[in-house]
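Asker: Would you be able to build a 3D model of this:
(one chain, ligands or ions: 1)
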Amino acid sequence: MKINNTFLPEVYLLDNFFHKDDRGYFVKIFNKQIFKENKLNAEFKESFYSISEKNVIRGMHFQTPPMDHEKLVYVISGSILDVVIDVRKSSPTYGKSIAFDLNEKNKRSLYIGRGFAHGFLTKSKTAIVGYMTTSLYSKEHDTGIKWDSFGFDWGISDPIISQRDANFENLET
Ligand SMILES: Cc1cn([C@H]2C[C@H](O)[C@@H](COP(=O)(O)OP(=O)(O)O[C@H]3O[C@H](C)C(=O)[C@H](O)[C@H]3O)O2)c(=O)[nH]c1=O
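Answerer: Purely as a prediction, here's the structure:
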């Protein structure tokens, strides 16, 4: 596993270990020792996955303190455009976003620190996206900002989104 810095501190792009043989692929997405050696929070408390159709946007989600968390996002099948934005008002990179293609071919994952909103666009027919988070889900602390409110070009104008995501507030400028 190789952990790559990005221009957003606390957001890392991970090149995961994988093994290919005539049966297919084996991919490892988490190793506690490597995470701790690289000062990434390795104390994950929940893991879940979603299955999305093409042109679905899920996001931009985050949990507010004290239930904020680090999040590890990876793609089991398909392809997504994964987007993260800094929503920490006191941060020098507040409002700055970064995007990565995560897919079953590159087997990359994204480690997202606290204070960042996360979302993705499904680019393949379907995409199975896995998550691990370092806090428990808390409905009261689960919130977000609107997907088209921070100047990011998703390359799509009419995504399939939930009513909840459509009703999020815009990023405060
Ligand atoms: C996360 C979660 C959700 N829920 C409930 C809340 C909703 O009734 C339903 C679906 O949740 P939501 O619409 O938030 O799911 P997504 O839109 O796929 O959100 C996910 O995708 C975006 C991109 C993320 O970054 C979020 O961390 C992740 O939650 O499950 C639970 O009951 N427990 C949970 O842990």
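Asker: What is the burial count for the spatially closest residue to residue 57 that is not a sequence neighbour?
Answerer: Using Cβ to Cβ, 6 or more residues apart in numbering and skipping the chain neighbours, the partner closest in space to residue 57 is residue 159 (4.0 Å). Every C-beta, even on glycine, is put in place using the N, C-alpha and C of the backbone. Residues near residue 159, counting by other Cβ atoms under 10 Å, number 17.
Asker: who's in contact with residue 159?
Answerer: 55, 56, 57, 121, 147 (Cβ atoms under 8 Å, 6 or more residues apart in numbering).
Asker: who's the fourth one bridged to?
Answerer: Note on residue 121: beta-bridge partners residue 57, residue 81, judged by DSSP bridges.
Asker: give the contact list for it.
Answerer: The contact partners of residue 121, taken as Cβ under 8 Å, 6+ apart, are 55, 56, 57, 80, 81, 83, 154, 155, 156, 159.
Asker: Tell me how far the residue of the chain found nearest the ligand lies from residue 50.
Answerer: Residue of the chain nearest the ligand, by Cβ to the nearest ligand atom: residue 137 (3.0 Å). Separation of residue 137 from residue 50 (Cβ to Cβ, to the nearest Å): 13 Å.
Asker: Which positions in the chain make contact with the ligand?
Answerer: 46, 48, 50, 58, 59, 61, 118, 119, 120, 131, 137, 162 (Cβ under 6 Å from any ligand atom).
Asker: switch the cut-off to 5 Å
Answerer: Contact residues, the chain versus the ligand (Cβ under 5 Å from any ligand atom): 50, 58, 59, 61, 118, 119, 137.
Asker: Now the buried members of these.
Answerer: 58, 59, 61, 118, 119 (16 or more other Cβ atoms under 10 Å).
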